[in-house]
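Visitor: Kindly generate the corresponding structure for this input.
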Amino acid sequence: MLFRSKAPLRIGLAGGGTDVSPYSDEFGGVILNATLSLYAHTTIETLTESVVIIESIDKQETETHTLHNQLPINGTLDLVKGVYNRLQNDYHFPLQGLRIITKVDAPAGSGLGTSSTLVVSIIGAFKEMLQLKMSEYEIAHYAYEIERNDLGLAGGKQDQYAATFGGFNFMEFSANNKVIVNPLRIQPSYVNELENNLVLYFTSSTRESATIIKEQQKNVVEKNVKSIEAMHHLKDQAKMMKEALLMGKIDTIGEILDYGFQQKKDMAANISTAAIENIYKAVKSAGATGGKISGAGGGGFMIFYCPKNTKYKVIETLETLGGTIRNFSFTHDGLTTWTIPS
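Guide: This next block holds a predicted model:
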């Protein structure tokens with residue numbers, strides 16, 4: 001039997017970073033994000049051999065373990081092993097030979113929520129195999145607990161919920177890990193125009209988001225006024241973005257992105273770099289009205305809003321700077337699972 005799943009990656013359009021504790025616990029966080037036609041994929045194949053084989057197609061890594069209810073967390077393929085271990089602890093499913101294959105359509109550390117989305121996808125494949133009754137909120141929170149608590153990985157909460165729910169969502173975060181996902185009913189013509197006018201660009205560099213996130217957390221704990229005020233402004237940005245999308249003020253989105261980008265740089269050091277600033281300056285000269293770094297910052301993907309027909313000049317400019325333009329479309333569906341009988 002084959003048990004498959006896919007979960008969409010996301011771009012954060014506004015409010016990024018306000019979903020990270022302790023800011024979200026003390027002040028409440030707000031984020032607006034949307035999922036893309038880029039996915040984290042998982043397949044679980046049942047085997048007759050008494051082994052668990054884990055394969056990452058994109059990382060070109062493979063591990064084989066003798067059948068056991070806990071797999072070693074050793075820095076390699078730990079997201080898969082973290083999900084396996086937690087499900088064994090909580091559900092004690094029968095030990096059987098498995099091959100677990102994963103693939104992600106974007107590099108780790110690229111700012112599209114790859115790690116959290118992969119965890120959601122892995123949970124989805126196991127949910128399909130074990131026929132677990134889990135709601136969307138339960139899956140997203142389960143993924144968050146595995147990453148943040150079981151594996152000790154620093155980060156926020158938005159990615160797990162985006163991957164599970166899919167679509168355009170206005171998310172609210174508060175104390176005690178409370179999350180409310182508000183799906184947005186945006187006119188299809190507005191979505192089409194936004195999709196047409198956004199350029200998704202991979203800088204060809206990835207980064208370790210945990211370092212930036214830990215500094216952001218430290219700034220909140222130490223009551224760094226500049227950093228905290230920046231996060232307050234990013235919450236305002238999320239509300240501005242929601243209004244623009246719902247009311248069809250699509251050509252204001254560039255300015256809203258630009259506002260957020262300037263605020264985000266005050267949250268922690270190294271969110272932007274000299275190379276990123278040069279890229280940003282060049283695309284604005286080419287006609288983009290704003291943009292942002294996706295994810296924690298420091299590298300990875302960037303998005304730029306290009307009104308009217310300016311995206312062609314922007315793309316032409318980006319092609320002279322290295323990196324890669326990535327085509328995408330917005331998606332409505334979140335985590336999807338299915339079974340292939342043998």
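
Visitor: okay, CA-based contacts and neighbour counts for the rest of this
Guide: Fine.

Visitor: What segments of the stretch 201-342 of the chain are strands?
Guide: Taking DSSP state E, counting those that start in this stretch as the criterion, the stretch 201-342 of the chain contains strands spanning 290-293, 301-305, 324-325, 336-340.

Visitor: next one: the stretch 51-200 of the chain
Guide: 51-56, 61-66, 97-104, 168-174, 178-183, 198-202.

Visitor: Output those strands in TSV; the columns should cover distance to Thr42.
Guide: Formatted as TSV, the strands of the stretch 51-200 of the chain follow (distance: least, Cα to Cα, whole Å):
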stretch	distance to Thr42
strand 51-56	9
strand 61-66	14
strand 97-104	5
strand 168-174	23
strand 178-183	25
strand 198-202	24
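
Visitor: Check whether Thr289 really touches Cys306, as I assumed.
Guide: Yes. Using Cα atoms under 8 Å, Thr289 is in contact with Cys306, at 6.2 Å.

Visitor: Just the residues contacting stretch 294-305, thanks.
Guide: The set of residues external to stretch 294-305 that reach it, using Cα atoms under 8 Å, 6 or more residues apart in numbering, is 11-12, 16-17, 109-113, 197-207, 209, 212-213, 253-254, 257, 270-273, 276, 283, 288-293, 311.

Visitor: Go through these and flag which are in helices.
Guide: The helices, defined by DSSP state H, take in Asn197, Ser209, Ile212, Ile213, Ile253, Gly254, Leu257, Ile276, Val283, Lys311 from the contacts of stretch 294-305.

Visitor: buried ones in the longest strand along the chain?
Guide: Looking across the chain with DSSP state E, the single longest strand is strand 29-47. Buried residues in strand 29-47, counted by 16 or more other Cα atoms under 10 Å: 29-46.

Visitor: for stretch 308-317, same thing?
Guide: Neighbour count says stretch 308-317 has Thr310, Lys311, Lys313, Val314, Ile315, Thr317 buried, by 16+ other Cα under 10 Å.

Visitor: again, but for stretch 97-110
Guide: 97-104, 106-110.
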